[in-house]
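Novice: Give the three-dimensional model of this entry:
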Amino acid sequence: MECYRQGQENAVKEREVLPMFKKILLATDGSEHALKAARYTCHLMKLDPQIETTVLYVFDLSHQFSLGSDGAVFFDPDILRDKMNEVAEQVLANTKAVFEAEGLTCKTEASMGHPAFVIVDMAEQKGTDLIIMGSRGMGEFRSFLAGSVSDRVFHLAKCPVMVIKEDKA
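Specialist: Numbers count the residues shown, from 1 in each chain. The predicted model follows:
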């Protein structure tokens, strides 16, 4: 990236190279929007080989509980953990394949919790310079009711957030 600034005495342009992001956290849910965000992240990594990327999948616990006839919430922690591992492995493998197809490497991590809060916490823990994510993962109706994860991350994160939007035809 180049930035030009005007000197005080004359209009001589001085080239100043601005540093790129060095640590990227790519949040994925396995959706097509998330895979598009992965492809964009690969593009950035090719521009600067020093970029380190961690791909994070968050298993959203808020949608994994069952209500009993008396309204009590119950779940089997072993079944929940197994399901989370199964889904996370598949999503992370698909995303990692995008990087490998471009000759790039990335780290992968999986976690459980509310996606927006986990993403922001992970970004802070890792000293992330940039969070990248797709614009839509959940259904539009659920997004309308709960608010999108990308919107929450955008408002909570202390670092820049890049939301990769869908192509409009």
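Novice: middle-most residue in this protein, spatially?
Specialist: Centroid check for the chain by C-alpha atoms, centre = their mean gives residue 27 as the closest residue, at 1.9 Å.
Novice: which residue packs closest to it, ignoring adjacent ones?
Specialist: With sequence-adjacent residues excluded and distances taken as C-beta to C-beta, 6 or more residues apart in numbering, residue 27 is closest to residue 133, at 4.2 Å. Heads up, the C-betas are built off the backbone N, CA and C, glycines and all.
Novice: before we move on, back to that, show me what the residue nearest to the centre of the chain is bridged to.
Specialist: Under the criterion DSSP bridges, residue 27 forms beta bridges with residue 56, residue 133.
Novice: wait, it sits on residue 120?
Specialist: No. Taking contacts as C-beta atoms under 8 Å, residue 27 lies outside contact range of residue 120: 9.7 Å.
Novice: So what's the residue count around the nearest residue to residue 112 once chain neighbours are set aside?
Specialist: Computed as C-beta to C-beta, 6+ apart, the closest residue to residue 112 that is not its neighbour in sequence is residue 59, at 4.6 Å. When neighbours are defined as other C-beta atoms under 10 Å, residue 59 has 22 of them.
Novice: What residues does residue 59 make contact with?
Specialist: 83, 84, 87, 88, 110, 111, 112, 113 (C-beta atoms under 8 Å, 6 or more residues apart in numbering).
Novice: May I see the PyMOL selection of the buried members of these?
Specialist: For the buried members of the contacts of residue 59, the matching PyMOL selection, counting by 16 or more other C-beta atoms under 10 Å, is:
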select buried, resi 84+88+110+112
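Novice: Tell me the one of the contacts of residue 59 nearest residue 128?
Specialist: Distances from residue 128 to the contacts of residue 59, taken as C-beta to C-beta, are shortest for residue 111 (14.3 Å).
Novice: where in this structure is pLDDT low?
Specialist: Within the chain, the segments meeting pLDDT under 70 span 1-19, 62-75, 137-147, 167-169.
Novice: Go again with 80.
Specialist: Within the chain, the segments meeting pLDDT under 80 span 1-20, 61-81, 136-147, 166-169.
Novice: ok, back up a step: report the secondary structure state of the residue nearest to residue 112.
Specialist: What DSSP: H, G, I helix; E, B strand; the rest coil gives for residue 59 is strand.
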